[in-house]
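**Q** What follows is a predicted structure for the sequence shown.
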Amino acid sequence: MTQIPVNTTGKKLGLVIDLDICVGCHACAVNCKEWNTGGHSAPLPDTDPFGENAEGVWFNRVHTFECGDGADSRTVHFPRSCMHCEEPACVEVCPTGASYKRAEDGIVLVNEDICIGCKLCSWACPYGAREYDGDAGVMKKCTLCIDRIYNENLEEVDRVPACVSTCPVNARHFGDLGDPNSDVSRMVEDRGGYDLMPELHYAPVNKYLPPRPKSSWL
Amino acid sequence: MHPAYSVIIFTTFSGAGYGLLFLMGLFAAGHWIEADRWFGFTGFFLAFTMVISGLLSSTFHLGHPERAWRALSQWKSSWLSREGVLAVAGFVPFGLFAFGWVIYESHDGAWRLFAILSVLFAVLTVYATSMIYATLRTIRAWFNRHTVRIYLAFAIWTGSVWFNMLAHLFDLHTPGIGMIVVVTGVLALWLKRKYWIFLDTSPTWVPPENATGLGDLGTVRLLDAPNTQENYVQKEMGFSIARKHSIKLRRWAFFGYFLIPWLLAVGTVEADPWLKIPAAILAVVFVMAGTMLERWLFFAEAKHTVMLYYGAQDS
């Protein structure tokens, strides 16, 4: 059923992204693509990859914004992926039950075997997390690397999402945001981590840590 | 939002089909129209054709049309699923209502009950369609109290233009039918004008600063997009229409969905058959074309919050 699970374990797996130290290298996006094109949602299509109209499904994309004006302006690199919302509208609108939120850890997934490719979930997502695979005729999205984080064939240190494992500056963190004592929850608490578009009330699990104030001695 | 022709055709034609079924049910239940076999046959044939072709058209944009039946399963949470269930279930009362009218030429007893149920299912199905849009918080142009009213009003208005044509064709026209045309046309016009005023005056839904949460640093502008060519999200959600074009198209839509069909239908109601029948047919052509343009604008003028990440300044 695409209803949101009521009896959960309280576990809310998600990401914390530190906008203060992200350097915009796009390694997270590339490693995400690399892992996932062979993983749970494989393959991720690329049409005309070396041509004029290169297009394909990516679960993670890095935007770069300029904030403020003049000497106070700054550049902020901004990775964006599925927030694994607590109130995921993408799941509620799904007419087939293909989109679902797991009761045990809160991960939002698509069952590609029953997805009809109506695309309504992508309309319901304010963050643009869902990308349609025209080759397979189904919707695809970030799985929080469900095939890594529980994968006992991997070393324990590697049981984190591909984007987290590859980040060269440690700007991405993975953990249980439902546990107030977890490293990620403490980080959010200490640094004033926030939700994107809170006024839409989708209760995103992923949190963003704001850039620190500029140093004045420079 | 990208205006997909399959969805525009679907909502316009199924809306008119349900509107026609609504009016046939209403007039049959009230005994305001006689159970003429050929009127009934033609009316049900047209309404069913519009509803079924609309439903089929809506499956064309699916990635897996052969799995469409699965969309009937999530009625507890999804308005799209509810619409599908109502559309399928509605054929039971519609079919029985049609059977009584066409085969037994009767609007009495149990047949009357099926007429009333048909009215109910027609309204509920269009309501479910409109709720698919009205519950999307990501799109301010749809997530408001106008959306449901407009879908219902346009279904009844387009349905009444079809009903008016049938009544003239079978010489069963009554002043009551004329009144329905006058009133539902003005209702559709009034609600659509209110909607466009709302759209032009409503403040920004989500400011760009809240999309990134970086407002404390000052104004936020996109410096570099993640991709050089447009991706799926931009193609689907990023369609935008220039203000001057939308003003022009709104005017064309007004002529098409309201002014021309309304004047044609109302102005010729007392005329000779050689004039009023072609006028009533022409009114149908105009109201359908105008409503498709209105529906096209419903998509083209709608902005999605995701575009804030791709440089949009409002949503």
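**A** Noted; the coordinates are in hand.

**Q** From here on, just use CA atoms for contacts and neighbour counts.
**A** Noted.

**Q** and B:Val266, what element?
**A** helix B:260-267 (DSSP states H and E).

**Q** Just after that helix, pick out the following helix or strand.
**A** Next along the chain after helix B:260-267, taking DSSP H and E as the criterion, comes helix B:273-300.

**Q** Please identify the buried residues of that next one?
**A** Residues B:276-300 are the ones in helix B:273-300 that count as buried (16 or more other Cα atoms under 10 Å in any protein chain shown).

**Q** The residue of chain B most remote from its centre and B:Thr49: what is the separation?
**A** The C-alpha centroid of chain B is most remote from B:Leu217, which lies 44.0 Å away (Cα atoms, centre = their mean). According to Cα to Cα, to the nearest Å, B:Leu217 and B:Thr49 sit 57 Å apart.

**Q** Can you tell me the closest non-neighbouring residue to B:Phe143?
**A** Nearest residue to B:Phe143 in three dimensions, chain neighbours excluded: B:Ala134, at 4.5 Å (Cα to Cα, 6 or more residues apart in numbering or on different chains).

**Q** How many neighbouring residues does the closest residue to A:Asp46 other than its chain neighbours have?
**A** Leaving aside its chain neighbours, A:Asp46 sits nearest to A:Gly56 (4.2 Å; criterion: Cα to Cα, 6+ apart). Other residues near A:Gly56 come to 22 when the count uses other Cα atoms under 10 Å in any protein chain shown.

**Q** what residues does the stretch 151-300 of chain B put near chain A?
**A** Contact residues (Cα under 8 Å from any Cα of the partner chain) of the stretch 151-300 of chain B with chain A: B:206, B:210-215, B:217-226, B:229-233, B:237.

**Q** These in helices, which ones?
**A** Among these, DSSP state H puts B:210-212, B:232-233, B:237 in helices.

**Q** what sits against the residue of the stretch 101-250 of chain B found nearest chain A?
**A** Evaluated by Cα to the nearest Cα, the stretch 101-250 of chain B has B:Gly218 as its residue closest to chain A, separated by 3.9 Å. Going by Cα atoms under 8 Å, 6 or more residues apart in numbering or on different chains, B:Gly218 touches A:67-69, A:73.

**Q** ok, now A:Asp183?
**A** Taking Cα under 8 Å, 6+ apart as the test, what A:Asp183 contacts is A:Gly175.

**Q** How about B:His31?
**A** With Cα under 8 Å, 6+ apart, B:His31 has these contacts: B:His107.

**Q** quick one: pLDDT of it?
**A** B:His31 is assigned 95 on the pLDDT scale.

**Q** you'd agree it is in a helix?
**A** No. Going by DSSP: H, G, I helix; E, B strand; the rest coil, the assignment for B:His31 is coil, not a helix.

**Q** Only the buried residues of the one helix or strand B:Thr129 maps to, if you could.
**A** Element membership for B:Thr129, per DSSP H and E: helix B:110-134. Under the neighbour-count criterion of 16+ other Cα under 10 Å, helix B:110-134 has B:111-134 buried.

**Q** so where does A:Leu144 fall, helix or strand?
**A** Taking DSSP H and E as the definition, A:Leu144 sits outside all helices and strands.

**Q** what's near enough to touch it?
**A** A:14, A:107, A:161.

**Q** Output the below-cut-off pLDDT ranges for chain A.
**A** Residue ranges of chain A with pLDDT under 70: A:1-2, A:217-218.

**Q** Now with 90, please.
**A** In the prediction, chain A carries residues with pLDDT under 90 at positions A:1-9, A:70-72, A:213-218.

**Q** Now do the strands in the chain.
**A** In the absence of a named chain, chain A is used. Along chain A, counting by DSSP state E, strands occupy A:13-18, A:46-47, A:55-56, A:61-67, A:74-80, A:99-101, A:108-110, A:131-133, A:138-140, A:172-176, A:207-209.

**Q** You answered for a different chain; I wanted chain B.
**A** According to DSSP E, the strands that chain B contains are B:220-224.

**Q** which regions of it sit below the pLDDT cut-off?
**A** Confidence mapping of chain B against pLDDT under 90 gives the ranges B:4-7, B:54-61, B:203-204, B:208, B:240-244, B:267-271, B:313-315.

**Q** Measure how far the helix holding B:Thr129 is from the centre of its chain, please.
**A** How far helix B:110-134 lies from its chain's middle: 13 Å, per Cα atoms, centre = their mean, to the nearest Å.

**Q** Identify the residues contacting it?
**A** Contacts of helix B:110-134 with the rest of the structure, by Cα under 8 Å, 6+ apart, involve A:93, B:11, B:15, B:18-19, B:21-26, B:28-29, B:79-80, B:82-83, B:86-87, B:90, B:93-94, B:96-97, B:100-101, B:107, B:142-145, B:147-148, B:151-152, B:155.

**Q** Buried ones among these?
**A** Among these, those classed as buried by 16+ other Cα under 10 Å are A:93, B:11, B:15, B:18-19, B:21-26, B:28-29, B:79-80, B:82-83, B:86-87, B:90, B:93-94, B:96-97, B:100-101, B:107, B:142-144, B:147-148, B:151-152, B:155.

**Q** sorry, back to before: how about the contacts of B:Gly218, which pair is most distant?
**A** The most widely separated members of the contacts of B:Gly218 are A:Cys67 and A:Asp69, with 6.8 Å between them, by Cα to Cα.

**Q** The two: which has the busier surroundings?
**A** A:Cys67 (22 against 12).

**Q** Can you tell me who that one pairs with across the strands?
**A** When assigned by DSSP bridges, A:Cys67 has beta-bridge partners A:Arg74, B:Val220.

**Q** To what extent is the residue nearest to A:Ala162 when sequence neighbours are not counted buried, counted in neighbours?
**A** With Cα to Cα, 6+ apart as the criterion, A:Ala162 has its nearest non-adjacent residue at 5.4 Å, and that residue is A:Cys32. The tally of other residues near A:Cys32 (other Cα under 10 Å) stands at 25.

**Q** okay, now residue 109: neighbour count?
**A** I'll assume chain A. Going by other Cα under 10 Å, the residues that sit close to A:Leu109 add up to 21.

**Q** actually it's chain B I care about, not the one you picked
**A** B:Gly109 has 10 neighbours, counted by other Cα under 10 Å.

**Q** Same check on B:Phe27?
**A** 20.

**Q** If we ignore the residues flanking it in sequence, what's nearest B:His107?
**A** That would be B:Ala28: by Cα to Cα, 6+ apart, it lies 5.8 Å from B:His107.

**Q** next one: A:Cys82
**A** Using Cα to Cα, 6+ apart, the closest residue to A:Cys82 is A:Ala129 (4.8 Å).

**Q** just checking, the one you found touches A:Phe59?
**A** Yes. Counting by Cα atoms under 8 Å, A:Ala129 touches A:Phe59, with 6.7 Å between them.

**Q** Now do the shared contacts for these two.
**A** Shared contacts of A:Ala129 and A:Phe59 (Cα under 8 Å, 6+ apart): A:81-82, A:141-142.

**Q** For chain A, what's its nearest residue on the stretch 51-200 of chain B.
**A** B:Gly63 (3.9 Å).

**Q** Would you enumerate the residues in contact with that residue?
**A** A:116-118, A:134, A:136-138.

**Q** Could you measure from it over to B:Val85?
**A** 20 Å.

**Q** Give me the neighbour count for residue 153.
**A** Here I'm looking at chain A. The number of residues packed near A:Asn153 is 9, by other Cα under 10 Å.

**Q** that answer is for a different chain, and I need it for chain B
**A** Based on other Cα under 10 Å, the number of other residues close to B:Ala153 is 24.

**Q** residue contacts, the residue lying closest to it once chain neighbours are set aside?
**A** Distances taken as Cα to Cα, 6+ apart put B:Ala188 closest to B:Ala153, at 5.3 Å, once the chain neighbours are dropped. Contacts here follow Cα under 8 Å, 6+ apart; on that basis B:Ala188 touches B:150, B:153-154, B:157, B:258.
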